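**Q** I need the structure of the sequence given here:
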Amino acid sequence: SLHSCIALLGIAAGSLLLAVHFYSPPRAAPLIPSTALGVFLLILSALLAYTGIRRSPRNASLLLPLCLTMSVSWCGYGATFVLAGRGVLCHPGDLRDAVVPGLATSALALLLVAVVGLLCREPILAVVSAALSLASTHDVAAQHSSALGPSAVACSYLLVCMVCGYFALGRSLYFLTKGRVALPGTELAKQKAREQPQGTGGSTNPFAAVGLILNMLCAGVFGCRLLGITNKLFVGQVPWLWAAGIYQIGICILSYRAMDVLMATSFGFTSILKFAGGYCLLSPAWQPEEPSVPTLVLVVFSVLFAVLALFLALKSPLDGLYLLLYVASCIALACHPRGFLGGAPQGMAVAIFGASALVTLIHLYNGKAGAKMPTGKGAVKALLTRSSFLKLREGPDLHSPYLGYSKYADAEVLAFACSVLASFALTTTGDPQAPLAAVVIPWVVVAGGILKLLGGSVAFARGKTLESSAFILYAVMWIIWGLARYGGLYGTTRSFHAAVGIVAFMLFNGFIVFCTLFLNVTWFFYSLTFMLVALSFFLDTIQALPAGYDIAATLTFGLVSFYCFLSALSSSILEGPCLPTGGPMIQLGGVGAGMTKCLHLPARKASSVRRIADILRSGGTCGIPTDTVYVLVAACNRPDAVEKAHRSKRQAQDRPMSLWISSLKQLEPAKHLFTPLLWDFMEAAWPSPISLVVPRGEWVDFLGMKDSAKYVGTPRSVAIRIPDCSVTTHLIDLVGPIVVTSANPTGEADTTHHNQVYAKLGDKVDAVLCDGPSPENIASTVVDCTSIDSGNIGFFRVGIVPKSQVLQILEQVQKR
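**A** Numbering: from 1, shown residues only. You can find the predicted model right below:
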């Protein structure tokens with residue numbers, strides 16, 4: 001992979017730009033204008049973010065925290081340069097107060113990466129991180145002391161450029177020449193890999209350390225003001241806060257991909273605080289007074305943080321204790337009238353900064369080293385094993401979705417928590433003449449809107465169509481209503497068009513309420529109480545809102561959402577006891593309502609294929625991908641499974657089940673029962689999506705189907721083929737010949753996605769091997785070979801392989 005080379009070249013390019021910018025005579029204009037430099041840094045930050053994320057699944061390299069730390073650093077730095085170029089930072093000392101918190105935090109984070117790289121034998125990344133940390137520290141010192149001129153800072157960035165350029169060139173040559181050419185020092189990564197294998201028992205979430213670094217960045221902005229490092233909090237520091245918030249949402253998504261529900265939820269929570277803090281610093285742009293922070297929302301937020309910290313402590317006591325600092329921070333914000341601008345919240349920011357640095361170091365080291373720093377996981381796990389009341393959910397099926405394999409863990413915990421925050425934020429009585437005076441938009445738009453959209457998208461990826469539709473609908477409603485009511489777009493006038501739009505939302509939500517009757521009781525009340533909130537919006541638009549109704553409706557919805565939050569949180573990590581969600585209020589025949597889970601496994605993992613093979617050998621039926629559409633299979637040597645597959649399909653007499661093998665060697669003992677022409681034709685036609693209908697004979701008895709053989713083929717013939725799919729043939733190698741039928745009820749369309757297998761067959765299928773959309777939407781070609789010795793073949797079905805190609809294969813075999 002050349003991702004490391006691209007990352008090093010990107011860092012070298014950015015450092016070179018900064019070196020050219022700072023290298024200028026005293027009192028002279030910079031060689032690169034601030035606006036242009038800012039735009040270039042923003043582009044490079046996007047490149048570094050892409051490189052780090054693409055590289056992260058490869059191994060436990062420190063390239064991920066290095067790339068993402070530099071990405072967010074240059075994103076905030078670049079936005080600050082753009083503000084300076086546009087004249088926003090016009091007062092003396094503004095640029096220093098704007099850039100120092102972000103640069104100082106980046107310097108410390110890079111130093112931590114360098115230390116871990118040195119301890120874990122990552123010399124290249126350790127040297128690069130140390131050089132970047134030194135350059136950032138030099139930049140901070142130059143902002144505070146004129147004795148260090150800009151040319152000296154340029155030399156530091158030039159050193160970074162030379163170091164990164166050298167290593168990038170060395171790794172590129174090593175890659176392109178396949179190891180024949182290696183510059184001194186650039187082959188150390190491979191030497192280290194030979195000497196010591198990478199640790200595999202580290203953190204299961206490689207993105208946790210980056211999320212903690214982003215927490216350091218936000219805390220550094222407010223902590224520097226308390227410590228006197230900066231003179232004021234103002235709009236110049238907003239880029240750092242909002243860049244950290246945006247990246248935090250990205251880390252939240254990536255944590256869901258790492259199947260870490262609790263850390264993903266915590267990063268979602270902290271991103272809201274970053275956007276709220278940036279909103280407070282931005283408020284002087286439209287009003288002279290300091291913004292007011294809603295106390296009730298912060299109290300509720302502290303409760304959510306406390307509950308999350310308690311559950312997180314069951315998994316990792318260190319992370320749970322760390323999250324308690326945010327509980328104290330929210331309480332400090334609620335108690336101080338100035339909110340983020342007060343001394344007590346800034347003091348908590350200093351504490352969070354120090355704790356984040358320590359926990360980041362532990363996560364970085366444990367994710368890379370073989371010997372781990374203690375985090376308390378072992379002690380809690382040992383304690384819980386002796387407890388009969390609490391038992392953690394563990395195992396490969398921890399995050400198994402209802403329909404289909406998903407690359408994401410369940411995000412319902414975050415979505416319900418955001419509903420709680422948004423509903424309590426709506427209880428804030430804003431001033432119609434100054435709607436932006438209260439800090440409400442971050443809680444309603446970011447929490448209730450953006451993060452709920454995230455939860456809806458993840459729910460859709462997990463096959464939860466109804467839940468995702470509800471989350472996305474409610475997110476759109478929160479965004480529109482939050483911006484309209486608290487963004488100055490609503491005013492004192494009421495609009496007929498707004499009322500019509502809310503009625504449309506209510507109609508959609510009415511359909512969701514009806515559908516939740518088939519889901520469970522909790523979701524029914526969740527959607528029903530939101531209908532009460534939407535009704536309060538409608539009554540407000542027509543000026544018919546009863547006094548106190550909107551407060552009562554939003555509080556009711558908030559309390560129901562809080563119960564859903566607790567239920568989803570406990571169900572995500574505990575086997576029992578969990579808060580009950582209730583069953584479906586209306587049960588229809590054939591509707592499982594998600595109560596029974598079918599095992600869904602990713603086809604890209606060899607372990608998944610082995611588990612499917614075990615299920616087939618045990619007499620189960622499974623849906624698997626092929627070179628055409630998804631099929632339902634059973635092992636030939638399990639007659640009970642063959643009969644079960646026949647019953648589950650309600651197989652029509654004109655569509656009998658077929659037989660699949662992985663190699664003609666599996667029919668070798670019965671080769672004498674096939675004519676030479678037919679055997680050669682099978683050998684030439686397979687593997688391919690061509691099913692050959694051959695005469696039924698004694699060779700069927702070799703497969704061990706016994707009495708269930710009557711369900712395969714017809715009394716005179718049997719369809720057989722070798723699929724052109726490595727996953728399918730590997731599975732047949734493990735199980736032996738299998739009986740195959742389409743994974744859909746007789747008469748319905750073919751199944752072209754693993755989500756459709758369980759949706760069509762329900763509990764009749766024991767497991768599904770998931771491989772996404774089918775490579776083809778057309779079934780195989782079925783050729784009649786019962787009269788092949790007379791030189792004639794027929795076609796029962798012309799599928800993906802055209803008739804001319806089959807005839808050409810037969811002609812070549814006949815010539816031989």
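
**Q** and what about the residue lying closest to Tyr549 once chain neighbours are set aside, helix, strand or coil?
**A** Distances taken as Cβ to Cβ, 6 or more residues apart in numbering place Ser536 nearest to Tyr549, at 5.8 Å, with adjacent residues excluded. Using the backbone N, CA and C atoms, a C-beta is placed for each residue, glycine as well. Of the three states, Ser536 takes helix according to DSSP: H, G, I helix; E, B strand; the rest coil.

**Q** list the contacts for Ser536?
**A** Contacts were defined as Cβ atoms under 8 Å, 6 or more residues apart in numbering; by that measure Ser536 touches Leu545, Tyr549, Asp550, Ala553, Thr554.

**Q** kindly state the pLDDT recorded for it?
**A** pLDDT, Ser536: 89.

**Q** how much space between it and Phe565?
**A** Distance of Ser536 to Phe565, given as Cβ to Cβ, to the nearest Å: 22 Å.

**Q** now swap in Leu18 and tell me
**A** In this view, Leu18 and Phe565 are 45 Å apart by Cβ to Cβ.

**Q** got it, and Gly736?
**A** On the measure of Cβ to Cβ, Gly736 and Phe565 end up 48 Å apart.

**Q** who has more neighbours, those two?
**A** Phe565 (24 against 18; other Cβ atoms under 10 Å).

**Q** tell me if I am right that Ile778 is in a strand.
**A** No: assigned with three-state DSSP, Ile778 falls outside any strand and is coil.

**Q** after the helix or strand bottoming out on mean pLDDT in the chain, next one along is what?
**A** In the chain, no helix or strand scores lower on mean pLDDT, DSSP states H and E than helix 188-195, which sits at a mean of 45. Next helix or strand after helix 188-195 toward the C-terminus (DSSP states H and E): helix 208-227.

**Q** what helices and strands are in contact with that next one?
**A** helix 63-85, helix 94-119, helix 238-257, helix 261-282, helix 343-366 (3 or more Cβ pairs under 8 Å, 6 or more residues apart in numbering; DSSP states H and E).

**Q** mind listing what's buried along the last one?
**A** In this case it means helix 343-366. Across helix 343-366, burial judged by 16 or more other Cβ atoms under 10 Å covers 344-350, 352-353, 355-357, 359-366.

**Q** next, the angle helix 208-227 makes with it.
**A** Here helix 343-366 runs at an angle of 150 degrees relative to helix 208-227 (axes from the mean of the first three to the mean of the last three Cα atoms, to 10 degrees).

**Q** next, the angle helix 63-85 makes with helix 343-366.
**A** Interaxial angle of helix 343-366 relative to helix 63-85 (the same axes, to 10 degrees): 140 degrees.

**Q** likewise the longest one?
**A** Between the axes of helix 94-119 and helix 63-85, defined by the same axes, to 10 degrees, the angle is 170 degrees.

**Q** report all helices and strands that the following helix or strand past helix 94-119 contacts.
**A** Counting by DSSP H and E, the next helix or strand C-terminal to helix 94-119 is helix 123-144. Helix 123-144 makes packing contacts with helix 3-22, helix 63-85, helix 94-119, helix 150-176, helix 188-195 when contacts are defined by 3+ Cβ pairs under 8 Å, 6+ apart.

**Q** isn't Tyr77 up against Pro101?
**A** No: here Tyr77 does not reach Pro101: they are 11.2 Å apart, not a contact under Cβ atoms under 8 Å.

**Q** tell me which element Leu304 is part of?
**A** Here Leu304 is assigned to helix 295-315, by DSSP H and E.

**Q** can you read off the pLDDT for Ser387?
**A** pLDDT, read off for Ser387, is 69.

**Q** swap that for Gly404, sorry
**A** pLDDT, Gly404: 52.

**Q** please apply the same query to the one 3 residues further on.
**A** Per-residue pLDDT puts Lys407 at 76.

**Q** what is the neighbour count of Phe267?
**A** Phe267: 29 neighbours (other Cβ under 10 Å).

**Q** just checking, Val153 touches Ala135?
**A** Yes: look at Val153 against Ala135 with Cβ under 8 Å: they come within range, at 7.5 Å.

**Q** check what pLDDT the closest residue to Ser106 other than its chain neighbours gets.
**A** Sequence neighbours aside, Ser73 is the residue nearest to Ser106 in space, at 4.0 Å (criterion: Cβ to Cβ, 6+ apart). Predicted confidence (pLDDT) for Ser73: 95.

**Q** number of nearby residues for Ser73?
**A** Ser73, neighbours per other Cβ under 10 Å, totals 27.

**Q** what does the pLDDT read for the nearest residue to Leu16 once chain neighbours are set aside?
**A** Nearest residue to Leu16 in three dimensions, chain neighbours excluded: Cys161, at 4.5 Å (Cβ to Cβ, 6+ apart). Listed pLDDT for Cys161 reads 93.

**Q** for Cys161, list the residues it contacts.
**A** Counting by Cβ under 8 Å, 6+ apart, Cys161 has contacts Ala12, Ala13, Ser15, Leu16, Ala19.

**Q** could you do Tyr326 as well?
**A** The contact partners of Tyr326, by Cβ under 8 Å, 6+ apart, come to Phe269, Thr270, Leu273, Ser302, Phe305, Ala309, Ile352.

**Q** put together CSV for these, with distance to Cys330 and pLDDT on each row.
**A** Formatted as CSV, the contacts of Tyr326 follow (distance: Cβ to Cβ, whole Å; pLDDT from 0 to 100):
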residue, distance to Cys330, pLDDT
Phe269, 9, 96
Thr270, 11, 96
Leu273, 8, 94
Ser302, 4, 96
Phe305, 6, 96
Ala309, 11, 95
Ile352, 11, 96
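
**Q** just the closest of the residues you listed to Leu112, please.
**A** Ile352 (15.7 Å; Cβ to Cβ).

**Q** isn't that closest one right up against Ala219?
**A** Yes: taking contacts as Cβ under 8 Å, Ile352 lies within contact range of Ala219: 4.2 Å.

**Q** now the residue lying closest to Gly713 once chain neighbours are set aside: how far from Thr746?
**A** In this structure, Gly713 finds its nearest non-sequential neighbour in Pro656, 5.1 Å apart by Cβ to Cβ, 6+ apart. As judged by Cβ to Cβ, Pro656 and Thr746 stand 11 Å apart.

**Q** ok, now Leu281?
**A** 65 Å.

**Q** coming back round to it: who touches both of Val153 and Ala135?
**A** Residues touching both Val153 and Ala135 (Cβ under 8 Å, 6+ apart) are Leu18.

**Q** more neighbours: which of those two?
**A** For Val153 versus Ala135, the count of surrounding residues by other Cβ under 10 Å is larger for Ala135: 26 against 23.
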